[in-house]
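# Sequence below, structure please.
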Amino acid sequence: MVVSANIQDMSDRNLSYHPLVFDAIIRLQAAQLDAEIRDVISDALAYFGFDRFVLCYTAAPERSFEWKDILVHSAWPIEFAKEYIEQGMHRFDPLLRRARLQSAPFAWSFEEFFSDCKERGQFVLARAADYGLRAGIHVPVHGPNGYRTCMAVSGPRIDRSATVRSAIRLLAVYAVERVFQGIEGSMSAFAITAREREVLTWTAAGKSAWEIGEILKISKRTVDEHIQSTFRKLGAVNRVQAVAIAMRDRLIQL
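A predicted model of the protein is given here:
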């Protein structure tokens, strides 16, 4: 299958974020209602050229997909959502299938995906295109127990620069953590240490493990050990999610 601008190159070991994302996260921290969360995400994504997004549970093929599985959405075509749910399109959605199998976000377009899909997958893409969804980015979000959910964003122009891709990834992961916090409560079962907080703060600032070691006068190996420790304590599976959870729970300051 051909995937446009596969975002596997977005290494968790060297993160870099657009300042607008941090502004959005501050607003998300203060948001209380789903409508407020939706508006914050919409405003941030609009800056990057995306005018539609949906955040939802991703049902396994063997179970039904229902309205309650759509957590937050903005300008997503309602008629398409109804058709998607009623016809159980999640069972053969090629984008959802790919999202279940990888943790890295990926860009897609109708033209590049369609010919490599099976007939039922082509049907899903064709119906999405009929509603104006012809290109976008999917951001899978995995938890310690496996696949969790994803955010799908779409728009008339797709900026595939590394800065924009990393910005959308952090925004998506933070939004997921923020929404699930209200459903599940905090995932931070254990407080991270002061040194782990320092390491995670510099990680959020876009520093590599080697750079953090130079700043804190410790070895790169020690930095990596602190990062792995925060993964365990926060229930994260990568650096992006660890940063998002730590910011959500106010364990590090922006």
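# Tell me where the stretch 1-150 of the chain has helices.
19-30, 34-47, 78-86, 94-101, 110-114, 119-130 (DSSP state H, counting those that start in this stretch).
# I'd like those as TSV, with mean neighbour count and mean pLDDT appended.
Placement of C-beta: from N, CA and C, glycine included. TSV is the format used below for these (neighbours: other C-beta atoms under 10 Å; pLDDT from 0 to 100):
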stretch	mean neighbour count	mean pLDDT
helix 19-30	16	85
helix 34-47	18	89
helix 78-86	14	94
helix 94-101	18	89
helix 110-114	16	91
helix 119-130	16	96
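# Export those helices to JSON lines and append columns for distance to Lys220.
Converted to JSON lines, the helices of the stretch 1-150 of the chain look like this (distance: least, C-beta to C-beta, whole Å):
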{"stretch": "helix 19-30", "distance to Lys220": "26"}
{"stretch": "helix 34-47", "distance to Lys220": "33"}
{"stretch": "helix 78-86", "distance to Lys220": "46"}
{"stretch": "helix 94-101", "distance to Lys220": "30"}
{"stretch": "helix 110-114", "distance to Lys220": "38"}
{"stretch": "helix 119-130", "distance to Lys220": "43"}
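# so which of these comes closest to Val240?
Ranking those by proximity to Val240 (C-beta to C-beta) places helix 19-30 first, at 11.3 Å.
# residues in contact with that closest one?
Outside helix 19-30, the residues that touch it by C-beta atoms under 8 Å, 6 or more residues apart in numbering are 37, 40-41, 43-44, 47, 167, 170-171, 174-175, 178, 247-248, 250, 254.
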